[in-house]
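Participant: Fold the following, please.
(2 chains)
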Amino acid sequence: GAVVSQHPSWVICKSGTSVKIECRSLDFQATTMFWYRQFPKQSLMLMATSNEGSKATYEQGVEKDKFLINHASLTLSTLTVTSAHPEDSSFYICSAQGGIPSPVNEQFFGPGTRLTVL
Amino acid sequence: QKEVEQDPGPLSVPEGAIVSLNCTYSNSAFQYFMWYRQYSRKGPELLMYTYSSGNKEDGRFTAQVDKSSKYISLFIRDSQPSDSATYLCAMASQYSSASKIIFGSGTRLSIRP
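Facilitator: Reported below is the predicted structural model:
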């Protein structure tokens, strides 16, 4: 099946620093990657959609200058949380879509990255 | 009002019981209905999807959609401890990257041995 990895799986950082999270599709080429945020006991909230080689489309209310997304290749997308603050602490999950024959255009999710900002 | 409402639980049932998980929604444009399973500290995994109304069965799992009532259900028969996880319903108006998937908040399910 399709495998999506994320690195790191967890990170603790000081307020004001920037953190980069990588999302990789390991065995297929992802034309589209999605970044979600999930607070405890809450649903996944879509932050942005990115297509390889083009600018990401951000959801309303998501600051594009704070959450920088780069989708440099068909297997790698990165999310950089700039000048992180404690309210940015959350579980960040990516998903990848495309390149796999499927009756539905399934999104394959990574294992998530838990970010804690002190 | 949220587009998708799901009881967060937790729901605890004995092994072997039939489990019923439900979601309601408000957007009549939704055509694709999905159920994801998420284990602790892991990403969601697609369990089942259905298009429009009706039932779909896959092993011990049955998904039901009632578009007239804007209500979807997931039934798990002969529940096992390994079924313990958070189950998220999800919906989309199209199944393409152009259409956002809207997730419910998830129901935490625990199967007691």
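Participant: Please make it C-alpha for all contacts and neighbour counts, starting now.
Facilitator: Noted.
Participant: Would you map the strands across chain A?
Facilitator: Along chain A, the segments classed as strands by DSSP state E run A:4-7, A:10-13, A:19-25, A:32-38, A:44-51, A:57-58, A:67-73, A:76-81, A:90-97, A:107-109, A:113-117.
Participant: which residues are in contact with the fourth one?
Facilitator: The contact list for strand A:32-38, computed with CA atoms under 8 Å, 6 or more residues apart in numbering or on different chains, reads A:44-52, A:71, A:77, A:79, A:90-98, B:97.
Participant: picking up where we left off before, okay, the strands of chain A in CSV with mean pLDDT, mean neighbour count and distance to B:Thr62 next?
Facilitator: Written out in CSV, the entries for the strands of chain A read as follows (pLDDT from 0 to 100; neighbours: other CA atoms under 10 Å in any protein chain shown; distance: least, CA to CA, whole Å):
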stretch, mean pLDDT, mean neighbour count, distance to B:Thr62
strand A:4-7, 94, 22, 27
strand A:10-13, 96, 14, 35
strand A:19-25, 96, 22, 30
strand A:32-38, 93, 23, 27
strand A:44-51, 91, 22, 23
strand A:57-58, 94, 17, 35
strand A:67-73, 91, 19, 37
strand A:76-81, 96, 21, 35
strand A:90-97, 93, 26, 25
strand A:107-109, 88, 25, 21
strand A:113-117, 96, 21, 31
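Participant: Of those strands, which is nearest B:Ser53?
Facilitator: strand A:107-109 (21.8 Å; CA to CA).
Participant: Which elements pack onto the closest one?
Facilitator: strand A:90-97, strand B:45-51 (3 or more CA pairs under 8 Å, 6 or more residues apart in numbering or on different chains; DSSP states H and E).
Participant: and the helix or strand following the shortest one, does that touch chain A?
Facilitator: Along the chain past strand B:45-51, the next helix or strand (assigned with DSSP states H and E) turns out to be strand B:54-58. No. Figure legend: strand B:54-58 not in contact with chain A (CA under 8 Å from any CA of the partner chain); closest approach 14.7 Å.
Participant: Give the partner strands of strand B:54-58 in its sheet and their orientations.
Facilitator: strand B:61-66 (antiparallel) (DSSP bridges).
Participant: which residues make contact with the strand it pairs with from outside it?
Facilitator: For strand B:61-66, contacts defined as CA under 8 Å, 6+ apart pick out B:33, B:48-50, B:52-57, B:71-77.
Participant: give me that answer again for 6 Å
Facilitator: Around strand B:61-66, the neighbours that count as contacts under CA atoms under 6 Å, 6 or more residues apart in numbering or on different chains are B:Ser53, B:Gly54, B:Asn55, B:Lys56, B:Ile72, B:Ser73, B:Leu74, B:Phe75, B:Ile76.
Participant: thinking again about what came up before, reformat the helices and strands packed on strand A:107-109 as TSV; add distance to A:Thr57.
Facilitator: As requested, those are exported to TSV (distance: least, CA to CA, whole Å):
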stretch	distance to A:Thr57
strand A:90-97	14
strand B:45-51	24
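Participant: Select, out of those strands, the one closest to B:Phe103.
Facilitator: Distances from B:Phe103 to each of those were compared by CA to CA, and the smallest falls on strand B:45-51, at 12.1 Å.
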